[in-house]
Structure formats: C-alpha cells, structure tokens
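Undergrad: Sequence first, then the predicted structure:
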Amino acid sequence: MPHPATPAHPAPDLSVSLGRLRLPNPLLVASGTFGYGREMAGFVDCARLGGVLPKTITLRPRAGNSPWRTIETAAGLLNSIGLDNDGVDAFLVGQLPWLVHCGAPVIVSIAGSSADDFVALAARLDAVPGIAAIELNISCPNVSHGVDLGTDPIACREVVAGVRAATGLPILAKLTPNVTDIVAIAGAARDGGADAVTLINTCQGMAVDWRRRRPLLGNVVGGLSGPAIKPIALRCVHQVRRAVDIPIVGVGGIMTVDDCMEFFVTGASAVQVGTANFAEPVASIRLLDALPAALAEAGVARLADLVGALELPTRPACGPSSDPPAALAVGGGSRADDH
C-alpha cells in the first residue's frame, strides 16, 4: 500500500528588496564563481535564481595573474585570478545578450584601479537594457590597488558617489573584510549612495611549499573563500546590521541551507553562493529548493520576517559581589585563581 504523500510546505514569500532593487528570491551566485552564466546553463536553470553575477569586468581586457591561480585549502579555496576578463566592450557584445535572456536579474560586477575607472564603467552600462544593478568590486585582493578604494571610508564614499552620479542603476558595494572597521566602510558606502552592501569578499591568505621554499600562488597572496571564512562573514554582517541602515547581501562559505538561514537571521536580506559552485554546480538550486522547509521550521511565511531576527544574550553586570558568568562557573573560561 503506497504511503500517503507528504503535505508540501505552503509556498513562502521569498521576494527580496535591496533598496530599489527587487529580486524574486534571495539565492544569487557570486561573481567569479559562475563564469558568465552560460558555462553553467547545462547544470542550472538560471531563470530560477534570484540573480546572476557574472565574473567581474574592467574597462579594458586583463590577462590576470600568473599561475598557479587557485589552491585548495583544508576548508576552502585560495584564488589569485587577477580579474582575468576581456573588457567591457567584449562583455556587452559577447556575454550580456545571453545573460539578459537567461531569465534571472543580471547584476554586473565592475572593477577598476581608480575611481575614474568605476565611474566610466557605470556610465557605459547605464543605458544598456537588461541590467538590473551594478556591484562595485572595491575589495579584490588579487590586483594592484584592488582593495584601496574599499579600505578607506573617504575613498569608498567618493567612488560610490561618483558611480551614483553616473548611473541610475541600483548599486551594491562589495566590501573587504581586510579592514579594521568594516562598519565605517559600510557607512561610507551608504553615504555615497549605495543601495546595499555585499559582505564579504575574500580574506587575504597564502599557501607555501616548504620543500621548495616558495609560495604556491603566482601572485604570492590570494583570496581565501569557502567554509573557512563563514564565521568572519557572519561577524561582518552582524556588525553592519546593528550599526548601518542599509540592506546586506551575505556571502562567504555558504554550503547548506542552515548556512543561508544563519545569514538571514544575522541580518542579510539575500545571499550569494560562491565557492560551493565549484564543488557542486547545482548548489544554488539545491539551497533554493530547501528554503521553504527551513522557513516553515522557523515559523515564518515571509523571508523578510526572518531577516535580522537574531536575539542577543543579555549581559548582566558582573561586579565584585555578582556571580561569575555560567561559562566560567562550569570551567568554560579562565579565572584569576587558575594561574
């Protein structure tokens, strides 16, 4: 006798608002991990995605860095691609037409070595049909001056403001974690006119062959992505959410639906799947399919109701006459008489 069908979870409202940018759902694919989209079309129904971010483009073609360009690590991937791309003109002719017809919102990632480069690119893309938004890659650690504009609040505000003046498209500013105070950078991006911030780009790292006494990456230093950086990404989302009034796209080590939910609860309105695409090309669709059940478990029918729902512990005053925190009382931390 066949088992009765398991009742399906009611379809939740997965729509996302990132300032003026409206997306059908929160599952995006991160720039640099999905090619130009068509490379993944045999695996992924791109029309189901909340957004597609093709690899970053620059004003002129770039050859990228010398090999090796990628190194696997114990919990992620080091990359030093160096923004290898054919330039904006080749992108507009050879890649964008396919992307526009793939069915998902297209968010174009742009980069440059100066604020003028970003402004020129934004102006070039402004009147092009089919582009939903622009993501400013002001945080790439693998090119000369790649993070300069994203590590200084004044420079960040100026480049975002310049792009804002050059285009009517929504702007996402992708920020680096390689700073002392990411809240200040996010605030500068907001003040410059960004509609949202993407947190985070890769963390700087390196790999070494000790037998040959040489670094493994041709550029010596690269960007670490994957599960190893998820705690850093969550921390950045948490800090910015509490201090800056701007929507957040979370990215960094997302592999499971639990990862997605952690980012949502911490304060991200949407997420980008990155390194997981290399290991599992259908990861984004798998996560999208798992979201309704996860939201039902959380007791919400609208994704927006879960965003930023993190409940922080209360911190009772701990003075000379008060009891120690529970963690210390059970041996979870150090005390003066332990030394």
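TA: The structure has been received and is ready for your questions. Numbers count the residues shown, from 1 in each chain.
Undergrad: And the helices in this protein?
TA: 88-94, 96-100, 115-126, 148-151, 153-166, 182-192, 230-243, 257-266, 276-279, 283-298, 326-329 (DSSP state H).
Undergrad: just for this structure, where's the confidence low?
TA: 1-9, 141-147, 316-339 (pLDDT under 70).
Undergrad: Was I right to think residue 225 contacts residue 255?
TA: No. Assessed by CB atoms under 8 Å, residue 225 is found out of contact with residue 255, at 11.4 Å. Backbone N, C-alpha and C define where each C-beta goes, glycine included.
Undergrad: out of the two, which sits in the more crowded spot?
TA: Higher neighbour count among residue 225 and residue 255: residue 225, with 29 against 19, using other CB atoms under 10 Å.
Undergrad: residues contacting that one?
TA: Going by CB atoms under 8 Å, 6 or more residues apart in numbering, residue 225 touches 76-77, 79, 202, 252-253, 274-275.
Undergrad: Could you dump those residues into JSON lines with neighbour count added?
TA: As requested, those are exported to JSON lines (neighbours: other CB atoms under 10 Å):
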{"residue": "76", "neighbour count": "23"}
{"residue": "77", "neighbour count": "22"}
{"residue": "79", "neighbour count": "26"}
{"residue": "202", "neighbour count": "28"}
{"residue": "252", "neighbour count": "33"}
{"residue": "253", "neighbour count": "26"}
{"residue": "274", "neighbour count": "29"}
{"residue": "275", "neighbour count": "25"}
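Undergrad: Which ones among those residues lie within strands?
TA: Among the contacts of residue 225, DSSP state E puts 76-77, 79 in strands.
Undergrad: Looking at those, which is nearest residue 214?
TA: residue 79 (18.2 Å; CB to CB).
Undergrad: Now do the residue nearest to the closest one when sequence neighbours are not counted against residue 32, distance only.
TA: Spatial nearest neighbour of residue 79, chain neighbours left out: residue 70 (4.9 Å); criterion: CB to CB, 6 or more residues apart in numbering. Computed as CB to CB, to the nearest Å, the residue 70 to residue 32 distance reads 11 Å.
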